[in-house]
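> Here is the input, now give the coordinates:
(6 chains)
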Protein chains: 4
Amino acid sequence: MKIGLLTVSKSCCDIERVNLSRTRDPESTKRNILAAAKMEFATKGLSGARVDDIANVAKVNKRMIYHYFESKENLFKQVIEKAYLDIREAELKLNLEHLDAKSALETLVRFTWKYYLDNPEFIRLVNSENLHHARHLKASKEVVQANRNYVGLVQSILDRGVQEGEFRDQIDPVNLNITIAAIGYYYLNNRFTGSIIFEQDLMDSEALDKRLEFNIETILKLVSR
Amino acid sequence: MKIGLLTVSKSCCDIERVNLSRTRDPESTKRNILAAAKMEFATKGLSGARVDDIANVAKVNKRMIYHYFESKENLFKQVIEKAYLDIREAELKLNLEHLDAKSALETLVRFTWKYYLDNPEFIRLVNSENLHHARHLKASKEVVQANRNYVGLVQSILDRGVQEGEFRDQIDPVNLNITIAAIGYYYLNNRFTGSIIFEQDLMDSEALDKRLEFNIETILKLVSR
Amino acid sequence: MKIGLLTVSKSCCDIERVNLSRTRDPESTKRNILAAAKMEFATKGLSGARVDDIANVAKVNKRMIYHYFESKENLFKQVIEKAYLDIREAELKLNLEHLDAKSALETLVRFTWKYYLDNPEFIRLVNSENLHHARHLKASKEVVQANRNYVGLVQSILDRGVQEGEFRDQIDPVNLNITIAAIGYYYLNNRFTGSIIFEQDLMDSEALDKRLEFNIETILKLVSR
Amino acid sequence: MKIGLLTVSKSCCDIERVNLSRTRDPESTKRNILAAAKMEFATKGLSGARVDDIANVAKVNKRMIYHYFESKENLFKQVIEKAYLDIREAELKLNLEHLDAKSALETLVRFTWKYYLDNPEFIRLVNSENLHHARHLKASKEVVQANRNYVGLVQSILDRGVQEGEFRDQIDPVNLNITIAAIGYYYLNNRFTGSIIFEQDLMDSEALDKRLEFNIETILKLVSR
DNA sequence: TATGAATGAGTGTTCATTCAT
DNA sequence: AATGAATGAACACTCATTCAT
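Residues are numbered from 1 along each chain as shown, chains lettered A, B, ... in the order given. Modelled structure (predicted):
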């Protein structure tokens, strides 16, 4: 799955084909609901999403959604939490501590870009959650902890870069983090309006490659001495 | 209205207090509907917004909304178009051509940040429009033209900067534009989830000031030789 | 306008093209409203008809409808009355008293058929009025009188036919009248469902001609000795 | 239920009195909705009918109507189809093939008259369907087939009548059918306007009896040698 | 006479959720 | 555990009619 090529998110196919015989498999049922809900919430937002549609896509009885998730709102909360945990988990697998600081940072920028590209629903879900003032995420200690680890990771890259004589010191890791996310997120989030007002297809393979290089340059220039 | 202080958007108070005596004033009625609709769509999204609520806030009979705007969807379209035209119009008033390139660029970054800060509904509306694949904006020639002028403006700043020996050449104006928007937009759009996962109030006055400086630095480093 | 050929009703074009300059011409305004209302009520029924649409078609301000006709219901009443007076007036012009009884009767059958064919809205209006238990027609002395004359006319034809030795006596003129109307009305009223369930186009020119001959035969056999 | 007496249609009482305890009985729910809808559509037409009223009369939750019938329009379609199938089914029960041709024909005329008299909503529904250009009936193969059988039945009576030396030959069965229906349908359909313009109560028991005899005579004279 | 704005009660339809089995 | 029926509140939108000019 090359970066620069719009790859259809795998997430749309998460509904399992197994277990169509309607045997009782709570875990599979739950997973199917979550997967269907993620896509529905991502494409329609919290109020636009329909419980009926989620049930249909998940191929479960609507009643099951209430059985396992209590309410549409709580289902949304579970989806949001899982989305945050998933991206943090993916980042941890990068093993950035084995790379030199500059490479680590570039890898992080590439990863972030690719993740947004491959998981467009993540962006939509985060937007929805902010539209609702993050009230579903507030209680989630797990997500906070996962992010704490992540900021620590970036901080250690920055420290390493200073030691290696490559990076400026006193760079704020949170704002750096935010900027790394921002330059990918905004471009992809606003790809529809952007393609119209800038009169070019922002999702064109070449445009995507060019954007990634632009972003890497932005971040490296920002941190370099 | 100092930058760095979250100032409540003026837009929420656009409903006119005049003309409550139900005299006939089509222009005022239309304006009130548009203002109320902007806030409703911004806070709840297209599907979450309620036509009844818009009518109540605008202090007009619900029927008037259909009289002047035909449908909820078309009302949304008008709101989106106006939002884009408004920001482009505000940018034009900056008179950036009278400044040296570096100052012009910094002014643009400051303006963009301040505009997003003062008009948080703009960000929400753009998100909504992208959730709907920009189908409402597609037909709008006016918006496209306004943006064309804007890109031309940035290009001329870049050209000037190269002539003045301050900027690198070959910088893509569209990607620069996008990045200038991105670093403000993302921070403010995700201020709720951001404040939680980064365990700090991103909307704190100090944090806002710090972010603006960070953004100016990001852009200036990006374009400098 | 040959009998047996479906001729488009002239009634649909009654809206005057004159007086578009919005000068004040009450009579023309009234006539336009009545013509538009006739078509609207005929095609959509009383509840299906829209006052707005009538105003648009009549090219008058909606308020005028209320000015001249008080209410939708009363407008319908005027339309119904006019429809009945129109058909009775047309019948009188046939001058049946100058023909021998058999020819007069055949002419009447032909006329009735052709009138329904050329004025399909008449049938629809009568249906609508019966759906509403003829409550709009109840007060109309004019219509009752016009019909009284008409029944007298048929009675005189029957009398003449008996004198001429062509017709049976003791034929009930009211039931004969009703049957003459029925055999044309039903066929044309139910032309859509009829064409489906009988699997042939009942409005085909040949089918129409055949039906008219069938009807003439039905009536003549009925009255003949 | 003597012919000649206006007997209130049994259909208005189809709503079941059983099962008021809100137990689950989909079939009963559906049947109640169909029965209520038939009366509502018959008395008010398609646009005049109110879904709320249907729900109230059927004593079901309005949502159930959409659950089982999708839309008002589709509910109307089901009602229309059922109405056509019902009358054809009733005709088949007459066992006309066991009678001599003349008796069979007279029986058919009597039956048709009585059916219209007992089921006045059938006439109204057919009118409504024709007002809408029979668009709901178009797709119904069942109805077409049922009618095909019916026309075949009439044809066989005509053939028998010719063999028996009672009827003329070359009589068109479709036009005969239409006329048999027409002479009853028109009289009853237009009973309200008719009673006014003819200045007598067409629904008076004596008038009804007289009309039936008149109709029988009309048809027998038409087919006789 | 004529007009366009304004209104309130309603109209078909939808939705998240609960009930009965 | 799983299902399909059932519900009531709400929703976008419509309509005949009236108001203000």
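> Output the below-cut-off pLDDT ranges for chain A.
Counting by pLDDT under 70, chain A contains low-confidence residues at A:1-24.
> do that again at 50, thanks
The model of chain A has pLDDT under 50 over residues A:1-13, A:17-22.
> and the strand or helix carrying residue A:181, how far from the chain's centre?
Using DSSP states H and E, residue A:181 sits within helix A:173-189. Relative to its chain's centre, helix A:173-189 lies at 12 Å (C-alpha atoms, centre = their mean, to the nearest Å).
> Does anything pack onto it? Which helices or strands?
helix A:101-118, helix A:120-131, helix A:141-163, helix A:205-223, helix B:173-189, helix B:205-223 (3 or more C-beta pairs under 8 Å, 6 or more residues apart in numbering or on different chains; DSSP states H and E). From N, CA and C alone the C-beta is placed, and that goes for glycine too.
> Spit out the contact partners of the residue nearest to residue A:134 when sequence neighbours are not counted.
Nearest in space to residue A:134, with sequence neighbours left out and distances taken as C-beta to C-beta, 6 or more residues apart in numbering or on different chains, is residue B:192 at 3.5 Å. Applying C-beta atoms under 8 Å, 6 or more residues apart in numbering or on different chains to residue B:192 gives the contacts A:129, A:130, A:133, A:134.
> got the contact list for residue A:179?
Residue A:179 neighbours (C-beta under 8 Å, 6+ apart): A:218, A:219, A:222, B:183, B:214, B:215, B:218.
> Out of those residues, give me the two with the largest separation.
Greatest spatial distance in those: A:219 and B:215, 13.3 Å, computed using C-beta to C-beta.
> okay, those two: which has more neighbours?
residue B:215 (25 against 20; other C-beta atoms under 10 Å in any protein chain shown).
> Return the alpha-carbon coordinates of the helix holding residue A:181 using PDB.
Output of helix A:173-189 as PDB, limited to C-alpha atoms (Å, rounded to 0.1, in the frame of the first residue of the first chain):
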ATOM      1  CA  PRO A 173       6.700  18.900  21.800                       C
ATOM      2  CA  VAL A 174       3.000  19.400  22.100                       C
ATOM      3  CA  ASN A 175       2.900  22.200  19.500                       C
ATOM      4  CA  LEU A 176       5.300  20.100  17.300                       C
ATOM      5  CA  ASN A 177       2.900  17.200  17.600                       C
ATOM      6  CA  ILE A 178       0.000  19.300  16.800                       C
ATOM      7  CA  THR A 179       1.700  20.700  13.700                       C
ATOM      8  CA  ILE A 180       2.700  17.300  12.400                       C
ATOM      9  CA  ALA A 181      -0.900  16.200  12.700                       C
ATOM     10  CA  ALA A 182      -2.300  19.500  11.400                       C
ATOM     11  CA  ILE A 183      -0.500  19.600   8.000                       C
ATOM     12  CA  GLY A 184      -1.800  16.200   7.100                       C
ATOM     13  CA  TYR A 185      -5.200  16.400   8.700                       C
ATOM     14  CA  TYR A 186      -6.200  19.700   7.300                       C
ATOM     15  CA  TYR A 187      -5.200  18.800   3.700                       C
ATOM     16  CA  LEU A 188      -7.100  15.500   3.800                       C
ATOM     17  CA  ASN A 189     -10.000  16.700   5.900                       C
END
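> Throw the contacts of residue A:179 into a markdown table and include distance to residue A:27, thanks.
A markdown table is the format used below for the contacts of residue A:179 (distance: C-beta to C-beta, whole Å):
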| residue | distance to residue A:27 |
| --- | --- |
| A:218 | 43 |
| A:219 | 40 |
| A:222 | 45 |
| B:183 | 42 |
| B:214 | 45 |
| B:215 | 45 |
| B:218 | 45 |
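> Chain neighbours aside, what residue packs nearest to the most centrally placed residue in chain A?
By C-alpha atoms, centre = their mean, chain A has its centre lying nearest to residue A:122, at 4.0 Å. Excluding the flanking residues, the one nearest residue A:122 by C-beta to C-beta, 6+ apart is residue A:83, at 5.5 Å.
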